[in-house]
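1. can't give you the sequence, but here's the structure:
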C-alpha cells in the first residue's frame, strides 16, 4: 500500500482537530498556546504535502512564513501571559473575565 | 513498504504526542509531549522530501519555541493551576463541534480522493537540492514577503520585550 497525499491530509486533519479541541476545552493559557502551535503544524503538513504533490517548492516557502508567524505569535503570546500573570495572578482562561459582562 | 512503516511511525508519534499534549495535567509534561509531536511532524517533512524544513522544524520549534515555553512555564507558577480542574465548562460542546468539523473535512477528502491521484508531476524537479531550490524561490520570487516577515519579527521582538517588562 503506497502512502499518498491523502494520507498526509488525514493526519493534518486529525492534528488540526486535536489542536482546536485544546484551544476550546483547556483552561490553562500555556496549553492553549501549545494547541495553537499544533494547529499551525497541521497547516504546515498540508502545505508540504501539496508542495510534494505538485512538485513545486512554493508550498515549502509558505510553510517557512507560517513558522515565522508562529514564532512571532509564541513570543508575543508568552509575553502577554507573563504580564497577565503578574497582574491577575492566574493563568486559567476562564478566570480572566475582566471584559466579561 | 519502508515508506509506509516510517509514515505510520511518524503519524503515530504526531497524534499521540498531540493528544497527550492537550490532556496532561502538568504543563511541563504537555510541553514534553508537544516536543514528541513536533518531532513526528519533522519526520513527516523528511518523508515529503522537505529536508530544509525538517531542519528548520527541529532547530526553530524544538530548539527555540519549546525552550521559550519551558522558560515561561518556570517563570509562571503553574502548581496552583495543575491542582484545579483542567477543562472548562464548554468541553463537551467543543468536542461535539470538533467531531462535526472532522466528519465534514473527512467527507470532503473522501469525495475528492479521485482528484488527488494526479499523474506524476509533469515538470521534472529543478536542478539543485531542496535547500537550493528554496533559497532561489525565497530570494527571487518571494523577496518582498521575506522582508515583510523580518519586519513582523522585529515588531514581535519589541512587543514581547515591552509586554514582559516590569512597569515602565
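-> Cool, got the structure. Not measured: the values here are computed from a predicted model. Numbers count the residues shown, from 1 in each chain, chains lettered A, B, ... in the order given.
2. do the top helix by length along chain A and chain B meet?
-> When chain A is scanned for its longest helix (criterion: DSSP state H), the result is helix A:58-88. Yes: for a cut-off given as CB under 8 Å from any CB of the partner chain, helix A:58-88 has contacts with chain B, namely A:58, A:60-61, A:63-65, A:67-76, A:78-83, A:85-86. For the C-beta atoms, the positions are set from N, CA and C on the backbone; glycine is no exception.
3. out of the residues you listed, which end up buried?
-> For these, a neighbour count by 16 or more other CB atoms under 10 Å in any protein chain shown gives the buried set as A:60-61, A:63-65, A:67-68, A:70-76, A:78-83, A:85.
4. in a helix, residue B:67, correct?
-> Yes: counting by DSSP: H, G, I helix; E, B strand; the rest coil, residue B:67 falls inside a helix.
5. can you get me a residue count around it?
-> 11 (other CB atoms under 10 Å in any protein chain shown).
6. residue A:44 now?
-> 27.
7. return the residues in contact with residue 28.
-> No chain was given, so I picked chain A. Contacts of residue A:28 were listed using CB atoms under 8 Å, 6 or more residues apart in numbering or on different chains, and they are A:91, A:92, A:93, B:27, B:78, B:81, B:86.
8. chain B was what I was after
-> By CB under 8 Å, 6+ apart, the contact set of residue B:28 is B:70, B:73.
9. quick one: it and residue A:88, what's the gap?
-> Using CB to CB, to the nearest Å, we find residue B:28 at a distance of 22 Å from residue A:88.
10. cool, residue B:150 as well?
-> Distance of residue B:150 to residue A:88, computed by CB to CB: 34 Å.
11. sorry, back to before: which neighbouring elements make contact with the longest helix of chain A?
-> The helices and strands touching helix A:58-88, judged by 3 or more CB pairs under 8 Å, 6 or more residues apart in numbering or on different chains; DSSP states H and E, are helix A:29-53, helix B:51-56, helix B:66-75, helix B:130-136, helix B:143-164.
12. quick check: which element contains the residue lying closest to residue A:34 once chain neighbours are set aside?
-> Leaving aside its chain neighbours, residue A:34 sits nearest to residue B:34 (5.1 Å; criterion: CB to CB, 6 or more residues apart in numbering or on different chains). Per DSSP states H and E: residue B:34 is located in helix B:27-47.
13. and the angle from that helix to helix A:58-88?
-> If you take axes from the mean of the first three to the mean of the last three CA atoms, to 10 degrees, helix B:27-47 sits at 170 degrees to helix A:58-88.
14. show me which residues of helix B:27-47 are buried.
-> For helix B:27-47, burial by neighbour count (16+ other CB under 10 Å) applies to B:27, B:30-47.
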